[in-house]
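*Asks:* After the sequence you'll find the predicted model.
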Amino acid sequence: MLGKLLKYDMKAVFKYWWLAALTTVLLSVIAGVLLSYVIEEDAARGVLEEAIAIVGLVISFIGIFVLPLVTEVLIIVRLYKHFFTDEGYLTFTLPVKKHALLNSKLIMAMAFQLAAVVTVVMDVIIILFVGMLCDRIKGIDNFSSDYGEPLFGELSADAWGFGILYTAEAILIGLAYMFVLSMVIFLCLTIASVLTKKHKVLVAIGLFYGANAISSLFTQIAVYGTDLNGVFMIFDSVNNGVSELALKWSVAAQLLIPLGALAAVGAGMYALEYYLLDRKLDLQ
Amino acid sequence: MAVLECKNLYKSYKSGKYVLADMSFSVPSGKIVGLLGPNGCGKSTLIKTVAGLLVPTKGEVFVDGIPVGESTKSLVSYLPERTYFNSWMHVDELVSYFADFYADFDKERAYQLLFDLSIDTKARLSTLSKGTKEKVQLILVMSRRARLYLLDEPIAGVDPAAREYILGTIVSNYDPSSTIMITTHLISDVEQVLDEFMFLGYGGQIVMAGGTDDVRAETGKSLDALFREVYRC
């Protein structure tokens, strides 16, 4: 049943999402052309032309980086309509477990969040590629020397070193963050629907910003309170030198502690969400 | 065995006031039962509780001897009082949706009923009129081979001609081993198809219940007339 639920959830969001994603791809092509034009040093152009190009560039960049936000809005709309409006009468009378309903929404949310990040990364690559292509057509290499070579040169030089390690770390922490973010959104909407009959979305937004403020506070405390580098510096000073084992533990701890913390927080929120849906939500 | 059984059922919302209070009854299979009462007496609350949409405050509800929960949802076919389908879906997508999730859904019967009513299966739900949407909902709900059908105001929003068709559909499509519970204010329209009735009063209790034929035989009144007498303002 999870597969069937997922099919309808993915279809409902993809129906609008692909349009937003395609728009960002088109904007990245425009941004690449405009960027190449703006950084061309010897070009003869007026102030107005340059201003239009810069404004166009800024708009293109905003359009591209707004995709994750559009994705979140689509996820919220799907969850809200499917669970907390009249559609909930159908959703909650389907012969499926509530875990399946929740898991389907969670997988859908994480899949689209990931797709949005991948699209934005692709868009950046397209901007660089189009920029370099424009340079080549014009017979100059401003773009390649200013942006392309430093970036790609650095990446290729460090491709099999710490770059891979930190990329893997970023992906894992990113996935755990997406899980927590999805659960925060779900929980805010569910609590709002349990607490109020009207203005559920407004209450959910308030709860979301409240949760954000609290989580920022805890993150700050966690960062300053468990300064691992500081711990290992003390460890190193005792041992008069950097132990290889200590360095490995330090790197592992930098990955595992935030990963574990995010997973634990996400799991706790999942349990609370399930309890609210199962025992407290009354569709009136 | 009773298809539906409620034991000392209580339900209150946030106000703390009981909408259903100490309600106990059972409904055998093969009956069409009218759940009748004035606005706000708890008819929809009872239906939703049986459908598993509301959590009882106290008491127990059984469908086919199984406590209401995830396992009873495959036994119950529920029609809410409002449009509850995703409006961007096409009619044939909704048929596929029901076929995907309900093992007891009869796709051929659904298409036959849609054809009988000349409903365009390629049409998007948002383009249909309110009455047609309600017909589509009823067709999908009645195309299941469920043990218990819960129909909340199935004829409230449709014209008299369509009402007749809908009631005919309900009667002709239900399996005699199953039970139908209907809530409505249009008692005179449904009276002809009801085997039994339950009058609910404010405070969430059963005021009167019995067989519709018995009422006519004993009092010489129609159910509609009896309703007006019981709930006279």
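*Replies:* All right, it came through fine. The structure presented is a predicted model; accordingly, all values stated were derived computationally and were not measured.
*Asks:* Quick check: mean pLDDT of the strand or helix carrying B:Val19?
*Replies:* Using DSSP states H and E, B:Val19 falls within strand B:18-27. Average pLDDT, strand B:18-27: 88.
*Asks:* for that strand, packing partners?
*Replies:* strand B:4-12, helix B:43-51, strand B:205-211 (3 or more Cβ pairs under 8 Å, 6 or more residues apart in numbering or on different chains; DSSP states H and E). (Each C-beta comes from the backbone N, C-alpha and C, glycine too.)
*Asks:* Given the helix or strand that comes right after that strand, what are its sheet partners and their directions?
*Replies:* Scanning forward in sequence from strand B:18-27 by DSSP H and E, the next helix or strand is strand B:32-36. Take DSSP bridges as the rule and strand B:32-36 pairs in its sheet with strand B:179-183 (parallel), strand B:196-201 (parallel).
*Asks:* now the longest one, how far from the centre of its chain.
*Replies:* Okay, so that is strand B:196-201. A distance of 14 Å separates the centroid of the chain from that of strand B:196-201, by Cα atoms, centre = their mean, to the nearest Å.
*Asks:* Name the SS class of the most centrally placed residue in chain B, please.
*Replies:* When Cα atoms, centre = their mean is applied to chain B, the residue found nearest the centroid is B:Leu151 (1.6 Å). Of the three states, B:Leu151 takes strand under DSSP: H, G, I helix; E, B strand; the rest coil.
*Asks:* Show me what the helix ranked longest in chain A packs onto, helices and strands only.
*Replies:* Selection of the longest helix in chain A by residue count, based on DSSP state H, yields helix A:98-138. Other elements packing on helix A:98-138 under the criterion 3+ Cβ pairs under 8 Å, 6+ apart are helix A:2-38, helix A:47-65, helix A:67-79, helix A:142-143, helix A:162-195, helix A:244-275.
*Asks:* Compare those and say which comes out lowest on pLDDT.
*Replies:* Minimum mean pLDDT among the helices and strands packed on helix A:98-138: helix A:142-143, a mean of 65.
*Asks:* for chain A, what are the nearby residues on chain B?
*Replies:* Counting by Cβ under 8 Å from any Cβ of the partner chain, chain B comes close to chain A at B:13, B:48, B:51-55, B:70, B:73-74, B:76, B:78, B:80, B:82-86, B:88, B:97, B:100-103.
*Asks:* Buried members of those into ChimeraX, please.
*Replies:* To isolate the buried ones among those in ChimeraX, judged by 16 or more other Cβ atoms under 10 Å in any protein chain shown, type:
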select /B:48,51,52,53,54,73,74,76,78,80,83,84,85,86,97,100,101,102
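*Asks:* quick one: which of the residues of chain B next to chain A sit in helices?
*Replies:* Per DSSP H, the residues of chain B next to chain A map to helices at B:48, B:51, B:97, B:100-101.
*Asks:* Widest-spaced pair of the residues you listed?
*Replies:* Checked with Cβ to Cβ, these reach their widest spread between B:Lys48 and B:Asp100, with 23.7 Å between them.
*Asks:* burial count for the residue nearest to B:Leu194 when sequence neighbours are not counted?
*Replies:* Excluding the flanking residues, the one nearest B:Leu194 by Cβ to Cβ, 6 or more residues apart in numbering or on different chains is B:Gly34, at 4.3 Å. B:Gly34 has 24 neighbouring residues, counting by other Cβ atoms under 10 Å in any protein chain shown.
*Asks:* any idea how far the closest residue to A:Val194 other than its chain neighbours lies from A:Ile191?
*Replies:* Leaving aside its sequence neighbours, A:Val194 sits nearest to A:Lys280 (Cβ to Cβ, 6+ apart; 4.9 Å). For A:Lys280, the distance to A:Ile191 equals 9 Å [Cβ to Cβ, to the nearest Å].
*Asks:* what about the two, which has more around it?
*Replies:* Neighbours were counted for A:Lys280 and for A:Ile191 using other Cβ under 10 Å; A:Ile191 has more, 19 against 13.
*Asks:* What separation do you get for that one and A:Met183?
*Replies:* A:Ile191 is 12 Å from A:Met183, where distance means Cβ to Cβ.
*Asks:* contacting residues for B:Val230?
*Replies:* B:199, B:207-208 (Cβ atoms under 8 Å, 6 or more residues apart in numbering or on different chains).
*Asks:* Buried only: go through those residues for me.
*Replies:* Buried among the contacts of B:Val230 by 16+ other Cβ under 10 Å: B:Phe199.
*Asks:* Could you export the contacts of B:Val230 as CSV, including pLDDT?
*Replies:* Converted to CSV, those look like this (pLDDT from 0 to 100):
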residue, pLDDT
B:Phe199, 89
B:Val207, 86
B:Met208, 87
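*Asks:* Distance of the nearest residue to B:Pro80 once chain neighbours are set aside relative to B:Glu5?
*Replies:* Leaving aside its chain neighbours, B:Pro80 sits nearest to A:Tyr89 (4.4 Å; criterion: Cβ to Cβ, 6+ apart). According to Cβ to Cβ, A:Tyr89 stands 23 Å off from B:Glu5.
*Asks:* Likewise for A:Ala12?
*Replies:* 37 Å.
*Asks:* Can you tell me which residues in the stretch 51-200 of chain A are near chain B?
*Replies:* A:81-82, A:86-90, A:92-98.
*Asks:* how about A:Leu181, what does it touch?
*Replies:* A:Leu181 touches A:Gln113, counting by Cβ under 8 Å, 6+ apart.
*Asks:* Over to the one 4 residues further on?
*Replies:* Residues in contact with A:Ile185, defined by Cβ under 8 Å, 6+ apart, are A:72, A:75-76, A:79, A:109, A:208.
*Asks:* Which secondary structure elements does the lowest-mean-pLDDT helix or strand in chain B sit against?
*Replies:* Ranked by mean pLDDT, DSSP states H and E, the weakest helix or strand in chain B is helix B:160-173, scoring a mean of 79. Counting contacts by 3+ Cβ pairs under 8 Å, 6+ apart, helix B:160-173 is packed against helix B:107-116, helix B:130-142, helix B:187-190.
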